[in-house]
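1. here is a sequence with its predicted model. Questions after.
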Amino acid sequence: GDSVTQMEGPVTLSEEAFLTINCTYTATGYPSLFWYVQYPGEGLQLLLKATKADDKGSNKGFEATYRKETTSFHLEKGSVQVSDSAVYFCALSSTNAGKSTFGDGTTLTVKP
Amino acid sequence: GAVVSQHPSWVICKSGTSVKIECRSLDFQATTMFWYRQFPKQSLMLMATSNEGSKATYEQGVEKDKFLINHASLTLSTLTVTSAHPEDSSFYICSAGSGRFYEQYFGPGTRLTVT
């Protein structure tokens, strides 16, 4: 079955540091890949997505590239801010029913 | 666009009572909605897939008689926790699939506390 493996957290960085959160996946066919973000006490928000190989999703300074050859979708940001502190979930969906498979989440804390 | 709401945002109930949580897609029609449960500092656990006009599909290990799901219209799905117990206390999140690239739009979640 489908699975998503995320870099274990928590991750603690200083403001303006470079961020990478690793994500690899196993899936049949050609899934769509997503990063979601969850701020404390809230639901999840779609951060970015990529729907085919070599696509790059980007939003709010975050980027991730769909790498089919390495089955990866690593999240990066060049300069994090305190407001980026949240839990980040990598996910995939490989059916048109929309059912998604989520990673375990990575907690990011950015200190001033 | 693609806004999903949940009501209530938090609820406290006594053990043995039932609680209903609503999930609405405000600006799009959702033939499929999903219900998740999230424990503190843990990932999402998919409970069931709710399809408009048909019975929900429950994940293995989820008691369908305890967690009743109804998807009566293209914009509303409800989750009823029946005979709630303290171990049912959790954060419940719904989402709706857009159908285009399979992304999901999440509601803000409902914090249930059973005393």
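-> That came in fine, so what should we check first? Every value quoted in this text rests on a predicted model; they were computed, and no experiment measured them.
2. which residues are in contact with the residue nearest to A:N59 when sequence neighbours are not counted?
-> The spatially closest residue to A:N59, leaving aside those adjacent along the chain, is A:L48, at 4.5 Å (Cβ to Cβ, 6 or more residues apart in numbering or on different chains). For the C-beta atoms, the positions are set from N, CA and C on the backbone; glycine is no exception. Neighbouring residues of A:L48 by Cβ atoms under 8 Å, 6 or more residues apart in numbering or on different chains: A:F34, A:W35, A:G57, A:S58, A:N59, A:F62, A:E63, A:A64.
3. assumed A:L48 was part of a strand.
-> Yes - assessed with DSSP: H, G, I helix; E, B strand; the rest coil, A:L48 lies in a strand.
4. that one and A:G29: what is the separation?
-> Per Cβ to Cβ, to the nearest Å, A:L48 is found 21 Å from A:G29.
5. closest point of chain B to chain A, which residue?
-> Closest approach of chain B to chain A (Cβ to the nearest Cβ) occurs at B:G97, with a separation of 2.5 Å.
6. that residue: neighbour count?
-> When counting by other Cβ atoms under 10 Å in any protein chain shown, one arrives at 24 neighbours for B:G97.
7. beta-bridge partners for it, please?
-> B:G97 has the following beta-bridge partners by DSSP bridges: B:Q104.
8. over to A:A86?
-> Beta-bridge partners for A:A86, by DSSP bridges, are A:L108.
9. surely it touches A:Y39?
-> Yes - with contact defined as Cβ atoms under 8 Å, A:A86 counts as touching A:Y39 (4.9 Å).
10. the two: who's more crowded?
-> Using other Cβ under 10 Å as the criterion, A:A86 and A:Y39 rank with A:A86 on top: 21 against 13.
11. now for that one: which residues touch it?
-> A:V37, A:Q38, A:Y39, A:P40, A:T107, A:L108.
12. and it, how close does it get to A:G29?
-> As judged by Cβ to Cβ, A:A86 and A:G29 stand 30 Å apart.
13. ok, which stretches of chain B are helices?
-> Here chain B has no helices by DSSP state H.
14. contacting residues around the worst-scoring helix or strand of it on mean pLDDT?
-> Lowest on mean pLDDT, DSSP states H and E among the helices and strands of chain B sits strand B:104-106, with a mean of 86. Identification of contacts with strand B:104-106 by Cβ under 8 Å, 6+ apart yields A:36, A:43-46, A:93, A:98, A:100, B:2-4, B:25, B:34, B:93-98.
15. if we go to 7 Å?
-> Residues from elsewhere that reach strand B:104-106 (Cβ atoms under 7 Å, 6 or more residues apart in numbering or on different chains): A:43-45, A:98, A:100, B:2, B:4, B:34, B:93, B:95-98.
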